[in-house]
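Visitor: just coords:
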Ligand SMILES: [Zn+2]
């Protein structure tokens with residue numbers, strides 16, 4: 001057998017080994033990201049009752065942050081900051097969301 005043929009075969013083996021290494025790394029990266037996505041998704045539980053549950057979490061004159069309630073199921077009261085004559089601004093101390101309410 002010509003040594004040139006063996007050299008080409010060895011080069012091809014090396015190339016494929018390198019490609020497999022690259023694919024292993026990409027597979028690991030994707031698997032890690034899929035695990036992250038699955039974990040994030042498991043923390044976001046919303047269903048048809050989510051809006052009613054949110055409404056129930058807002059007793060009269062107490063304004064629960066909708067972002068915190070829907071995202072993490074936590075009732076954080078938003079405090080009003082007097083704005084101009086036409087609006088009040090409610091701020092969440094937890095997630096820093098603002099909601100502007102027209103008077
Ligand atoms: Zn919030």
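Guide: Right, received. Where do you want to start? The structure presented is a predicted model; accordingly, all values stated were derived computationally and were not measured.

Visitor: Quick check: residue 102 vs residue 74, distance?
Guide: Counting by Cβ to Cβ, to the nearest Å, the separation of residue 102 from residue 74 is 27 Å. To be clear about C-beta, it is placed using only N, CA and C from the backbone, and glycine gets the same treatment.

Visitor: Tell me which of these two has more neighbours.
Guide: For residue 102 and residue 74, the more surrounded residue by other Cβ atoms under 10 Å is residue 74, and the numbers stand at 14 against 7.

Visitor: And the helix or strand residue 30 falls within, how far out from the chain middle?
Guide: Of the helices and strands defined by DSSP states H and E, residue 30 is found in helix 3-43. In this view, helix 3-43 has its centroid 26 Å away from the chain centroid, taken as Cα atoms, centre = their mean, to the nearest Å.

Visitor: Can you pull up the most central residue in this structure?
Guide: The centroid of the chain falls nearest to residue 40 when counting by Cα atoms, centre = their mean (5.6 Å).

Visitor: quick one: contacts for that residue?
Guide: Taking Cβ atoms under 8 Å, 6 or more residues apart in numbering as the definition of contact, residue 40 has no neighbours.

Visitor: That one and the ion: what is the separation?
Guide: Distance of residue 40 to the ion, given as Cβ to the ion, to the nearest Å: 18 Å.

Visitor: And for residue 90?
Guide: Between residue 90 and the ion the distance is 10 Å, computed by Cβ to the ion.

Visitor: Tell me how many other residues crowd that residue.
Guide: In terms of burial, residue 90 registers 17 neighbours under the definition other Cβ under 10 Å.

Visitor: Would you agree it is in contact with residue 81?
Guide: Yes - with contact defined as Cβ atoms under 8 Å, residue 90 reaches residue 81; the gap is 7.3 Å.

Visitor: Would you mind checking which helix or strand in this structure has the lowest mean pLDDT?
Guide: Between all helices and strands in the chain, the lowest mean by mean pLDDT, DSSP states H and E belongs to strand 79-82, at a mean of 84.

Visitor: what's the pLDDT at residue 45?
Guide: According to the predicted model, the pLDDT of residue 45 comes to 75.
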